[in-house]
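>>> build me a model:
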Amino acid sequence: MRVLIIGGTGIISTGITRLLVERGDEQALYNRGQRASQVESGYEAITGDRIIEAWRATGDRLAKEFAQ
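As a prediction, this is how the structure comes out:
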C-alpha cells in the first residue's frame, strides 16, 4: 500500500511509520522539516508547509479568476 503521512515526527505518527515500514508499505512523510523522524529509513521525506502551499494555491486560483 502507498501511504502519505502528514507530519511523521510526533508520538502517534512515529508509531504508525514504524508499523508501515515493518509491513513493507511504501510511504512518504510530508512535514516542515523542523524535527527529525525517529524512524531511520524505509520512507521518503518530503519537506513543505501545507498551510503556505494552500495559501499559494488559493491565491493563484483567485488571481486567475479575477484576471479574466
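>>> what's in contact with stretch 6-26?
Applying C-beta atoms under 8 Å, 6 or more residues apart in numbering, the external contacts of stretch 6-26 come out as 1-3, 5, 27, 29-31, 35-39, 41-43, 45, 50. C-beta: built from backbone N, CA, C; applies to glycine.
>>> name only those of those residues that count as buried.
Among these, those scoring as buried are Ile5, Gln27, Leu29, Tyr30, Asn31, Ser37, Val39, Gly42, Tyr43 (criterion: 16 or more other C-beta atoms under 10 Å).
>>> quick one, phi psi at the spatially closest residue to Gln38 that is not a sequence neighbour?
Take Gln38 and drop its neighbours on the chain: the residue closest to it by C-beta to C-beta, 6 or more residues apart in numbering is Thr14, 4.9 Å away. Dihedral pair for Thr14: phi -60, psi -40, per degrees, to the nearest 10.
>>> re the thing from before, what is the nearest of the buried ones among the contacts of stretch 6-26 to Ala54?
Distance to Ala54, by C-beta to C-beta, is smallest for Tyr30 among the buried ones among the contacts of stretch 6-26, at 12.7 Å.
>>> so that closest one touches Asp49, yeah?
No: judged on C-beta atoms under 8 Å, Tyr30 makes no contact with Asp49 at a distance of 9.7 Å.
>>> which ones among the contacts of stretch 6-26 map onto helices?
Secondary structure of these is defined by DSSP state H; positions in helices are Arg50.
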